[in-house]
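**Q** Mind looking at a prediction? Sequence and model below.
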Amino acid sequence: MQKRIVFAIIGLAALVGIVAAQGFGPGMMGRGGYPYAAPAAPAAPAVKTLEGKLQIVDGVAALVVKDVTYILHFPGFFRTAYVEEIKVGATIKVEGSEYPAPAGQTRPIFAATKLTVGSKTFDLATQTQGRGAMPYGGMMGGRGGRGGRW
């Protein structure tokens, strides 16, 4: 009789532990659940065109337009600037979307998709970024990833 009571208590404790470890579904309150609907995705900003002087501010590319300095964000800027010999102070024209300044920053971000310098136009939307886009780079590339052995 004593063994049955001990096994029943152990079984009940295990059952309580299993039930307590389960999370609740997204529609329910509790651990892992959301008591409200998920926020809607932000609307994509309108595409606009800016023209100004190229500068380097705090080690990043920036575009100075009148009295506003935009931090430029586009893949492969320094590679493109080096190969095409784009110098600081050059007048450039960029097309893309403007985003507000991040918390703690004073300069807005301009995500460029097209760059025009003089008569040359670069489609930045087709350029990729990161090591995976470079020859022999990335996780599965010859020299990147796991020491080049895989």
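**A** Cool, got the structure.
**Q** what comes up buried for stretch 84-97?
**A** Along stretch 84-97, the positions that meet the burial threshold by neighbour count (16 or more other Cβ atoms under 10 Å) are 86, 92-96. The C-beta positions use only the backbone N, C-alpha and C, and glycine is treated the same way.
**Q** Please apply the same query to stretch 114-122.
**A** Taking 16+ other Cβ under 10 Å as the neighbour-count basis, stretch 114-122 is seen to contain the buried residues 114-115, 117, 122.
**Q** Kindly indicate which of the residues you listed lies nearest A61.
**A** Among these, L115 lies closest to A61 (Cβ to Cβ), at 10.2 Å.
**Q** what's the most distant pair in the buried residues of stretch 114-122?
**A** Using Cβ to Cβ, those span at most 11.1 Å, a distance reached by K114 and V117.
**Q** re the thing from before, go through the buried residues of stretch 114-122 and flag which are in strands.
**A** Among those, the ones falling in strands (DSSP state E) are 114-115, 117, 122.
**Q** can I get those residues in JSON lines with distance to I56 and pLDDT?
**A** Rendered in JSON lines, the data for those read as follows (distance: Cβ to Cβ, whole Å; pLDDT from 0 to 100):
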{"residue": "K114", "distance to I56": "21", "pLDDT": "89"}
{"residue": "L115", "distance to I56": "16", "pLDDT": "87"}
{"residue": "V117", "distance to I56": "15", "pLDDT": "89"}
{"residue": "F122", "distance to I56": "18", "pLDDT": "82"}
